[in-house]
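Peer 1: Requesting a structural model of the entry that follows:
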Amino acid sequence: MRDRDLYAKLLGIEDPWYVRDVDPRLEAGEVEIFISRDERAELPCPVCGAAAGRYDTRTRTWRHLDTMQYKTLLTAEVPRVKCAEHGVKQLKVPWAEPGSRFTAMFEALVIDWLKEASVSAVARMLRMTWDEVDGVMTRAVARGLERRQSQPLRNIGIDETSFQKRHEYVTVVYDCDPKHVVDVLDNRRQFDLEEFYFGTPLEHLQSLESVSMDMWGPYVQATLIHVPDAERKIAFDRFHVAKHINEGVNKVRVDEHAELRELGDRTLTGTRYLWLKNPENMTAKSRLRFEALRGSSLRVARAWAMKEAARQLWSYERRGWARRAWKRLIGWMARSRLPPMVKVGRTLRAHLWGIVNAIVLGATNASLEAVNSKIQALKKRACGYRSRARFRSAILFHCGGLELYPSAHLAHTNS
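Peer 2: Numbers count the residues shown, from 1 in each chain. I've put the predicted structure just below:
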C-alpha cells in the first residue's frame, strides 16, 4: 500500500477529498500530508448547502496526531465558494472544526489530556504553546455550552468560591439534579446574580422548586426580586447554618481558654477540634477526653450542647413543627449569656424562614461543596488563574457536564 493510500485510510479521507502527497521530513521531525479536493465535485455552500460557484482557494494547515515520534501536519487547498444568499464562504473540511488549526482527533486528544493535567503540563507533553492548549479548552467549552439543551431548572445551589487572594470571589450556580455547574459569575454582587436571572427564561425561573444558598444578602435580594415565590424557595443550606454555629462555639472556647490560661489552667489546650467534630467520628482516646469535658461546667460545653441540639433539628417534615423547634433553640441561645451564641441566635432568627424552607424542601448544597473542593484543587494544580474568564472556562470544562469533543470526532467515533 502506498503512503498516500495508507494515510487516506488512517485519516478517513473520502471522496471528493484525497491524499495528493506525503512529505516525510525526518530531519525536522515532521510528516506533512497534502490533501486536495476533486475539482469536478459539486461545491455546496457551508451555510445552506446549496450549490455554489468556486471563488478561490486558501492554503490551510492543521496539526494532527503524531506519526510515531514525528509531528504530523495536514495541508490542504480549501476552496472558498460564492453563494447567492450568503456571499463568500470557506468550505468545511471533514477532519477539523471551523476556525481551528488542529484536527478534530488531535483536539480530542488534548481534551482527554486536559481532564488529567494542567494546561502547562499538556503543552509540554504535546509540544504545544500554552495559548494553543488554552484555545482548545475554550473552544471545547463554547461547543459544550452551545450543545447544552435548555432544560427547566428544578433545584439549584448558589455559592461563592475564591478566585484569588484578597477576598476575590466568583459565584458558582449549580444544578443539583444532574449535578453540574450551570454558570460561573464574575463576582458575588447582587448585580452578578441578577444578570444570570435576566439570562434565564422566565418559565425556567417559575419551575424552580428550591434555591439553596448561604445567608449572603446580595444573593438573597437578587433571588427575591427575580424568582417567583422566592420566599418559599430560598433555602439556607445546612452546611452554612452549621458553619455559623460552629464559629460561635469556637469563639466561646477561645475566650474561655484565654481566661483559664491566665489562671494557669490548661484544660482547654488542644481541644478545638473536639468541640467541632462529631463524637461518632472520634477515636476512642479522644472520645474519653471529650466525654469528661462536655460533662463539666465549662461555658464551651453549654455552647456545644446548643450545637448538638441544632444538629437534631433537620429531620422535621412540617413547616410549623420545624419553626417552633428552631425558635426554642434560638430562645435558648438568647438566654445563654454567651455573647457569641447570642449573636448566632440573632442571625438564625433573622434567617429562620430560609432555614425552615431548607428543612421542608430537603434542599442542600452538599454536592456543590464537593464541587467547590474540586474547583480549589483545579486552581492549585494550575497555580492560580490570571483572569476570571479562564477560571470560568476551567470550571465549566471540568464541572459543567458538557459534551466537549468536536463534532467531526464524535461522527468518527460513532461511525
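Peer 1: how about the strands of this protein, start to end?
Peer 2: Along the chain, the segments classed as strands by DSSP state E run 17-25, 30-37, 53-67, 70-83, 87-90, 155-164, 168-175, 180-185, 210-213, 234-236.
Peer 1: could those go into CSV alongside mean neighbour count and distance to Asp134?
Peer 2: Just so you know, the C-beta spots here come from the backbone N, C-alpha and C atoms, and that holds for glycine as well. Below are these laid out as CSV (neighbours: other Cβ atoms under 10 Å; distance: least, Cβ to Cβ, whole Å):
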stretch, mean neighbour count, distance to Asp134
strand 17-25, 15, 28
strand 30-37, 19, 24
strand 53-67, 15, 15
strand 70-83, 19, 20
strand 87-90, 15, 24
strand 155-164, 21, 17
strand 168-175, 20, 18
strand 180-185, 21, 16
strand 210-213, 26, 31
strand 234-236, 26, 37
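Peer 1: Which one, of those, ends up nearest to Arg287?
Peer 2: The closest of these to Arg287 is strand 234-236. By Cβ to Cβ, the value is 31.0 Å.
Peer 1: what's the neighbour count on the residue nearest to Trp304 when sequence neighbours are not counted?
Peer 2: Nearest non-adjacent residue to Trp304, counting by Cβ to Cβ, 6 or more residues apart in numbering: Trp275, 5.2 Å away. With neighbours defined by other Cβ atoms under 10 Å, the count for Trp275 comes to 21.
Peer 1: ok, now Arg349?
Peer 2: 15.
Peer 1: can you check the one 4 residues further on too?
Peer 2: As a burial measure, Trp353 scores 13 neighbours (other Cβ under 10 Å).
Peer 1: Excluding chain neighbours, what is closest to it?
Peer 2: Nearest one to Trp353, counting by Cβ to Cβ, 6+ apart, is Glu231 at 6.8 Å.
Peer 1: For the closest residue to Ile355 other than its chain neighbours, name its beta-bridge partners.
Peer 2: Of all residues not flanking Ile355 in the chain, Phe236 sits nearest, at 5.1 Å (Cβ to Cβ, 6+ apart). In this entry, Phe236 is beta-bridged to Met213, by DSSP bridges.
Peer 1: Might one say that Phe236 is in contact with His351?
Peer 2: Yes. Proximity of Phe236 to His351 meets the contact threshold set by Cβ atoms under 8 Å, at 5.4 Å.
Peer 1: what's near enough to touch Leu11?
Peer 2: Leu11 makes contacts with 19, 33, 64, 74, 95, as judged by Cβ atoms under 8 Å, 6 or more residues apart in numbering.
Peer 1: What is the neighbour count of the closest residue to Leu153 other than its chain neighbours?
Peer 2: Nearest-residue entry for Leu153: His204, 4.9 Å, with adjacent residues in sequence omitted and distances by Cβ to Cβ, 6+ apart. The local packing of His204 (other Cβ under 10 Å) involves 15 other residues.
Peer 1: got a pLDDT number for His204?
Peer 2: His204 carries a pLDDT value of 91.
Peer 1: thinking again about what came up before, can you tell me which residues contact the residue nearest to Ile355?
Peer 2: 212-215, 351, 354-355, 357-358.
Peer 1: Tell me how far it lies from Arg319.
Peer 2: To Arg319, Phe236 is 14 Å away according to Cβ to Cβ, to the nearest Å.
Peer 1: I figured the residue nearest to Trp353 hits Thr223, correct?
Peer 2: No. Taking Cβ under 8 Å as the definition, Glu231 is not a contact partner of Thr223, at 9.7 Å.
Peer 1: more neighbours, these two?
Peer 2: Thr223 (23 against 11).
Peer 1: still on that earlier bit, in a markdown table, list the contacts of Leu11 along with distance to Ala389.
Peer 2: Output for those, formatted as a markdown table (distance: Cβ to Cβ, whole Å):
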| residue | distance to Ala389 |
| --- | --- |
| Val19 | 39 |
| Ile33 | 35 |
| His64 | 29 |
| Leu74 | 30 |
| Trp95 | 29 |
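Peer 1: Just give me the closest of these to Ser120.
Peer 2: Distances from Ser120 to the contacts of Leu11, taken by Cβ to Cβ, are shortest for His64, at 22.7 Å.
Peer 1: now the closest one, which residues is it bridged with?
Peer 2: Taking DSSP bridges, one finds Thr72 as the beta-bridge partners of His64.
Peer 1: want to throw the strands of the chain into TSV with mean pLDDT?
Peer 2: Listed next are these as TSV, based on pLDDT from 0 to 100:
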stretch	mean pLDDT
strand 17-25	92
strand 30-37	93
strand 53-67	92
strand 70-83	93
strand 87-90	92
strand 155-164	91
strand 168-175	93
strand 180-185	95
strand 210-213	95
strand 234-236	96
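Peer 1: and Ala117, which of those is closest to it?
Peer 2: Comparing the strands of the chain by Cβ to Cβ, strand 53-67 comes nearest, at 17.6 Å.
Peer 1: For that closest one, name the packing helices and strands.
Peer 2: If you count contacts as 3 or more Cβ pairs under 8 Å, 6 or more residues apart in numbering; DSSP states H and E, strand 53-67 packs onto strand 70-83, helix 104-114.
Peer 1: and the residue nearest to Trp353, how far is that from Val220?
Peer 2: 10 Å.
Peer 1: hang on, the earlier thing: roughly how far does the residue nearest to Trp304 sit from Glu256?
Peer 2: To Glu256, Trp275 is 11 Å away according to Cβ to Cβ.
Peer 1: anything in contact with each of those two?
Peer 2: Val300.
Peer 1: For the chain, give me the ranges with low pLDDT.
Peer 2: Filtered on pLDDT under 70, the chain yields the residue ranges 1, 166, 409-415.
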